[in-house]
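Novice: sequence and computational prediction follow.
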Amino acid sequence: MYWRTSVSALLAIILSLLLWQCQGTATTTNTPTVFARFNIRYLAEDQQLRGQAELFSGDSSSVAQPLAIVGGVAFLGSGTQEKRLPGAIRYESTLRVPYLSPTNFSFQLPQREALTQVQLDMAGLDNFEVMQASKAQGLRLRVKGGLEAGESLLLLFTDPNQEARTIVRPGPLNQEGLFIPPDALLHFIPGAYRVYLVKSKETEVTIDNFHYQASVEYYTQEQVFNLVD
């Protein structure tokens, strides 16, 4: 009787261990972590909107491998072109449309039943105008749209010698007026300039096993002005 009882108990213990191992294996083989990069770029002069997506799968971003999405990635509800690049698979679409916000990507990730959607939002710049351009008094611009926290404005100048110069203004900026003080123009030479603005926003989001970085860029049309002493 004692031997039979011991065997039964031993079998029960073995069965429990096997069940525990199966549960542990199911836990360790959960949905893999997916890392992604998204980029939106709009060129106001050409009314060109481009969306790019790159996805990777692995234990960490440093060892993650390019992830091919079955069925592809949709941008604004339309299909994208898949490009095989060294170290990445890029899904890209370029549209000729007025600026749109928000924009979105949608795709089916492995081992996930629901469709994954990523929405990116940033207001564009309706217009800008150089109101004052003086080395002594600074540079004043009228910028429609403003800046929220986390956004920035890059001013790209081409000077009379065809050399590039840049100034960065981080957000927030609530008023329409943007002032660049004289000390920021110290190395600027007087003469004819061309300038355009790039408004940008970067975000980083983690939802369960999905981690992505995203950037939105809006390039204005070019304006010309004269910088005086």
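Specialist: Noted; the coordinates are in hand. Numbering: from 1, shown residues only.
Novice: going by C-alpha atoms from here, please, whenever you check contacts or count neighbours.
Specialist: Noted.
Novice: show me how far whichever strand or helix holds residue 153 is from its chain's centre.
Specialist: Under the criterion of DSSP states H and E, residue 153 resides in strand 151-158. Distance of strand 151-158 from its chain centroid, counting by Cα atoms, centre = their mean, to the nearest Å, is 18 Å.
Novice: buried residues in whichever helix or strand comes after it?
Specialist: For strand 151-158, the succeeding helix or strand toward the C-terminus, using DSSP H and E, is strand 164-170. Across strand 164-170, burial judged by 16 or more other Cα atoms under 10 Å covers residue 169.
Novice: next one: stretch 189-201
Specialist: Those would be 190, 193-201, for stretch 189-201 by 16+ other Cα under 10 Å.
Novice: secondary structure element for the closest residue to residue 202 other than its chain neighbours?
Specialist: For residue 202, ignoring the flanking residues on the chain, the nearest one in space by Cα to Cα, 6 or more residues apart in numbering is residue 215 at 4.4 Å. For residue 215, the element it lies in under DSSP H and E is strand 210-219.
Novice: parallel or antiparallel, list what pairs with that strand.
Specialist: strand 34-43 (parallel), strand 191-207 (antiparallel) (DSSP bridges).
Novice: to residue 112, which of those strands lies closest?
Specialist: strand 34-43 (11.4 Å; Cα to Cα).
Novice: report the next helix or strand after that closest one in sequence order.
Specialist: Going down the chain from strand 34-43, the next helix or strand is strand 48-57, by DSSP H and E.
Novice: report all helices and strands that that next one contacts.
Specialist: Contacts defined by 3 or more Cα pairs under 8 Å, 6 or more residues apart in numbering; DSSP states H and E place strand 48-57 against strand 34-43, strand 65-66, strand 88-96.
Novice: centre of the chain to the last one, how far?
Specialist: Read that as strand 88-96. Worked out by Cα atoms, centre = their mean, strand 88-96 lies 13 Å from the chain centre.
Novice: check which residues of that strand are buried.
Specialist: Residues 88-94 are the ones in strand 88-96 that count as buried (16+ other Cα under 10 Å).
Novice: distance to residue 46 and pLDDT for the residues you listed - can I get that in CSV?
Specialist: Formatted as CSV, the buried residues of strand 88-96 follow (distance: Cα to Cα, whole Å; pLDDT from 0 to 100):
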residue, distance to residue 46, pLDDT
88, 28, 96
89, 27, 97
90, 23, 98
91, 21, 98
92, 18, 98
93, 15, 98
94, 11, 97
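Novice: in this structure residue 175 contacts residue 148, no?
Specialist: No - contact between residue 175 and residue 148 fails when scored by Cα atoms under 8 Å: they sit 10.9 Å apart.
Novice: neighbour count for those two, which is higher?
Specialist: It is residue 148, of residue 175 and residue 148, that has more neighbours when counted by other Cα atoms under 10 Å, with 15 against 12.
Novice: the residue nearest to residue 59 when sequence neighbours are not counted and residue 86, how far apart?
Specialist: Spatial nearest neighbour of residue 59, excluding adjacent residues (Cα to Cα, 6+ apart): residue 33 at 6.3 Å. According to Cα to Cα, to the nearest Å, residue 33 and residue 86 sit 21 Å apart.
Novice: higher neighbour count, those two?
Specialist: Comparing residue 33 with residue 86 by other Cα under 10 Å, the one with more neighbours is residue 33, at 16 against 7.
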